[in-house]
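# take this sequence and fold it.
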Amino acid sequence: MTLGVNLDETLSAIRSTKPLVNSVTNNVTVGDVADVTLYWGGLPVMSDDEREVGDMVAGAQACLLNMGTVSEGGEAAMVAAGRSANDHGVPLVVDPVGVGATPTRNRVADRLVTELDVDVLNGNYGEISALVGEDAEVRGVESVGEYAEIAETAVACARQTGAVVVASGETDVVATADEAFEVHAGHEMMGNVVGTGCMLGVTLATFAGVMDSVRDAALAGTLAFGLAGEAAADEQFGTYAGPASYKVTFLDAVSGLGGVDRPDADSRIEQVVTN
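Okay, the predicted model is just below:
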């Protein structure tokens, strides 16, 4: 399938416009989320104080809400940030980390997707399945189990929430209420690095900050993220000995993806559901 946007043009647009992306995220991967925003070419800000986050988001081009280390104060900050994003037309990405694992996370996730107008929902197979009430096995913040119908589940989630849904796993799925696409890009080493889901979330926000179509931003961001993972695994940005050094080469690949030859990029996207 041909993307509705040229990936090279999108990467160039990010670097030239430098979208400000406010991330209300967890304290485990906050540095990685900031780094990835900057390495794509955006401007990261990590305001998470309820007293100012609404004002910060009002001047941003995108906003990410990540439930990785959910707390009472964090919940309040996420809701304030999300409401400001909605009020000011700022694209909003929500990553319901760990939904399905505890009643608290279920409640917070439900609040975010019902009280806010979410543009993109980014979660692993288990999290997306849990959001629509299907059987899901989430241990801590990790998805385990089999999800053979994940494309159809992602479409159902998109219909229920009104968001474009990105379900990440062995093969990433991007879905709207009417269609689903598999994005065939990435490498198994990405699964050995803590925080790649968080980094994908802010990638989607950064791309949404410069693109008119939320669906195309989700497709382009997911594809670019996977291609960076492949480039790192191919050692185009240095050698690696294991997960820790792979993470460094991956971050370098994000920064340098614009200079990587990608002749078959569009062929990596396959439409699998049409309604």
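
# okay, CA-based contacts and neighbour counts for the rest of this
Will do.

# helix or strand right after the helix or strand of the chain with the lowest mean pLDDT?
In the chain, no helix or strand scores lower on mean pLDDT, DSSP states H and E than strand 142-144, which sits at a mean of 44. Downstream of strand 142-144, the next assigned helix or strand under DSSP states H and E is helix 150-161.

# what sits up against that next one?
113-114, 118, 125, 128-129, 131-132, 163-167, 173-182, 272-273 (CA atoms under 8 Å, 6 or more residues apart in numbering).

# what residues of it count as buried?
For helix 150-161, a neighbour-count test (16 or more other CA atoms under 10 Å) marks 150, 151, 152, 153, 154, 155, 156, 157, 158, 159, 161 as buried.

# what is the nearest of those residues to residue 102?
Distance to residue 102 across the buried residues of helix 150-161 (CA to CA) is lowest for residue 157, with 19.4 Å.

# before we move on, the earlier item: next, format the buried residues of helix 150-161 as a markdown table and append distance to residue 265.
Below are these laid out as a markdown table (distance: CA to CA, whole Å):
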| residue | distance to residue 265 |
| --- | --- |
| 150 | 23 |
| 151 | 21 |
| 152 | 24 |
| 153 | 26 |
| 154 | 23 |
| 155 | 24 |
| 156 | 27 |
| 157 | 27 |
| 158 | 25 |
| 159 | 28 |
| 161 | 29 |
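
# which one of the residues you listed is nearest residue 242?
residue 150 (29.8 Å).

# helices along the protein, start to end?
7-17, 30-40, 53-58, 72-87, 103-115, 125-131, 150-161, 196-208, 214-233, 243-256 (DSSP state H).

# got TSV for these, with mean pLDDT and distance to residue 190 too?
As requested, the helices of the chain are arranged in TSV below (pLDDT from 0 to 100; distance: least, CA to CA, whole Å):
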stretch	mean pLDDT	distance to residue 190
helix 7-17	94	21
helix 30-40	98	14
helix 53-58	98	30
helix 72-87	97	27
helix 103-115	95	25
helix 125-131	91	15
helix 150-161	94	20
helix 196-208	97	7
helix 214-233	96	6
helix 243-256	97	8
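
# show me the beta-bridge partners of residue 62.
Beta bridges link residue 62 to residue 21 when assigned by DSSP bridges.

# how much space separates it from residue 91?
5 Å (CA to CA, to the nearest Å).

# overlap in contacts of these two?
85, 205, 208, 209.

# quick check: the farthest pair among those residues?
Those two in the shared contacts of residue 62 and residue 91 that are separated most widely, counting by CA to CA, are 85 and 208, at 12.8 Å.

# residue 132: how many residues sit nearby?
Around residue 132 there are 17 other residues, counting by other CA atoms under 10 Å.

# that one - nearest residue in space that isn't next to it in sequence?
Nearest non-adjacent residue to residue 132, counting by CA to CA, 6 or more residues apart in numbering: residue 157, 5.7 Å away.

# got it, and residue 247?
Closest residue in space to residue 247, ignoring its immediate chain neighbours: residue 193 at 6.6 Å, by CA to CA, 6+ apart.

# about what we covered before: out of the contacts of helix 150-161, which end up buried?
Buried subset of these (neighbour count, 16+ other CA under 10 Å): 113, 118, 125, 128-129, 131-132, 163-167, 173-177, 179-182.

# and for the spatially most central residue of the chain, nearest residue in space, chain neighbours not counted?
Centroid-nearest residue in the chain: residue 201, 2.2 Å away (criterion: CA atoms, centre = their mean). In space, and not counting its chain neighbours, residue 201 is closest to residue 122: 6.0 Å by CA to CA, 6+ apart.

# surely that neighbour and residue 169 touch.
No: Residue 122 lies out of contact with residue 169 (CA atoms under 8 Å); the separation is 11.1 Å.

# who has more neighbours, the two?
Taking neighbours as other CA under 10 Å, residue 122 and residue 169 compare with residue 122 leading, 29 against 18.

# identify the residues contacting that one.
Residues in contact with residue 122, defined by CA under 8 Å, 6+ apart, are 93, 94, 95, 96, 128, 165, 166, 167, 168, 200, 201.

# would you reformat the shared contacts of residue 62 and residue 91 as JSON lines and include distance to residue 244?
Shown next, in JSON lines, are the shared contacts of residue 62 and residue 91 (distance: CA to CA, whole Å):
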{"residue": "85", "distance to residue 244": "35"}
{"residue": "205", "distance to residue 244": "25"}
{"residue": "208", "distance to residue 244": "29"}
{"residue": "209", "distance to residue 244": "30"}
